[in-house]
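Colleague: My questions are about this predicted structure, shown below with the sequence.
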Amino acid sequence: QQKVQQSPESLIVPEGAMTSLNCTFSDSASQYFAWYRQHSGKAPKALMSIFSNGEKEEGRFTIHLNKASLHFSLHIRDSQPSDSALYLCAVSQGGRALIFGTGTTVSVSP
Amino acid sequence: EAAVTQSPRNKVTVTGGNVTLSCRQTNSHNYMYWYRQDTGHGLRLIHYSYGAGNLQIGDVPDGYKATRTTQEDFFLLLELASPSQTSLYFCASSPGTGNTEVFFGKGTRLTVV
């Protein structure tokens, strides 16, 4: 059974700083890697995803994937108070359903 | 924007009671999912389906049944509810599985007393 873990559990970052979130997974056959964001009281919503090793940037958000290390990360440049939310990583393998991590709560202080 | 509607939004039931959570999607998506969300556990997959009449077992299926009656409708059944099933339940849908975006409903908060 796929295990997906996130770190840290929570963090506080000052406005304008970089936020860095980590996700590890257990199955080396995993093929699809995504980050979701959930604002308080709302439904999770997809942020961005990646299939192959390397880096992908969309605006202030960047994903790094290293399959050999069973690790991927999300970096948020110039963090804003509106980025305060629960961040969930998700992994899938061989066409199975997405398995989500335990979540990281981010608070951006003005 | 993909539409996934859950009902009820809040439900309180007693231990041993029967509960049915409903979900409807109007996106013509093939896949539908039920997840539960608890602090410290993230989102955990209960059951999912790739079409009417189909059911796939997720990671935490014990105590739950599910049924996909149509392309649009997916139900989660708790036949003997227990306090450990107190949680926030999300239904979701996607066009495929494993490599496509999943769209979530607003959630149902279930309390078993």
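Modeller: Now that the structure is in, tell me what you want to look at.

Colleague: ok, for residue 97, nearest residue in space, not its chain neighbours?
Modeller: No chain specified, so I'll use chain A. Nearest residue to A:A97 in three dimensions, chain neighbours excluded: B:Y48, at 4.9 Å (Cβ to Cβ, 6 or more residues apart in numbering or on different chains). Every residue, glycine included, has its C-beta placed from N, CA and C.

Colleague: could you do chain B instead?
Modeller: Using Cβ to Cβ, 6+ apart, the nearest residue to B:T97 is B:Y31, at 4.8 Å.

Colleague: Okay, now the unreliable bits of chain B?
Modeller: Across chain B, the ranges flagged by pLDDT under 70 are B:1-2.

Colleague: quick one: the most centrally placed residue in it from chain A, how far?
Modeller: Geometric centre of chain B, nearest residue: B:W34, 2.7 Å, by Cα atoms, centre = their mean. B:W34 sits 10 Å away from chain A, taking Cβ to the nearest Cβ, to the nearest Å as the criterion.

Colleague: So that residue, which state does it fall into?
Modeller: strand (DSSP: H, G, I helix; E, B strand; the rest coil).

Colleague: what's near enough to touch it?
Modeller: By Cβ atoms under 8 Å, 6 or more residues apart in numbering or on different chains, the residues touching B:W34 are B:21, B:23, B:45-48, B:58, B:64, B:66, B:74, B:76, B:89-91.

Colleague: give me the number of residues near the residue nearest to A:A97?
Modeller: Close neighbours of B:Y48, defined as other Cβ atoms under 10 Å in any protein chain shown, add up to 25.

Colleague: helices or strands next to whichever helix or strand it is part of in the packing?
Modeller: Assigned by DSSP states H and E, B:Y48 belongs to strand B:42-49. Here strand B:42-49 touches strand A:99-100, strand B:31-38, strand B:56-57, strand B:65-68, strand B:73-78, going by 3 or more Cβ pairs under 8 Å, 6 or more residues apart in numbering or on different chains; DSSP states H and E.

Colleague: could I get those strands as TSV with distance to B:P95?
Modeller: Shown next, in TSV, are the helices and strands packed on strand B:42-49 (distance: least, Cβ to Cβ, whole Å):
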stretch	distance to B:P95
strand A:99-100	19
strand B:31-38	7
strand B:56-57	16
strand B:65-68	16
strand B:73-78	15
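
Colleague: Of all these, which one comes closest to B:G107?
Modeller: Between B:G107 and these, the tightest spacing by Cβ to Cβ is seen for strand B:31-38, at 7.5 Å.

Colleague: quick one: the closest one to strand B:73-78, angle?
Modeller: Counting by axes from the mean of the first three to the mean of the last three Cα atoms, to 10 degrees, strand B:31-38 lies at 40 degrees to strand B:73-78.

Colleague: can you list the residues of chain B near chain A?
Modeller: Taking Cβ under 8 Å from any Cβ of the partner chain as the contact definition, chain B meets chain A at B:31, B:33, B:35, B:40-45, B:48, B:56, B:58-59, B:90, B:96-99, B:101-102, B:104-107.
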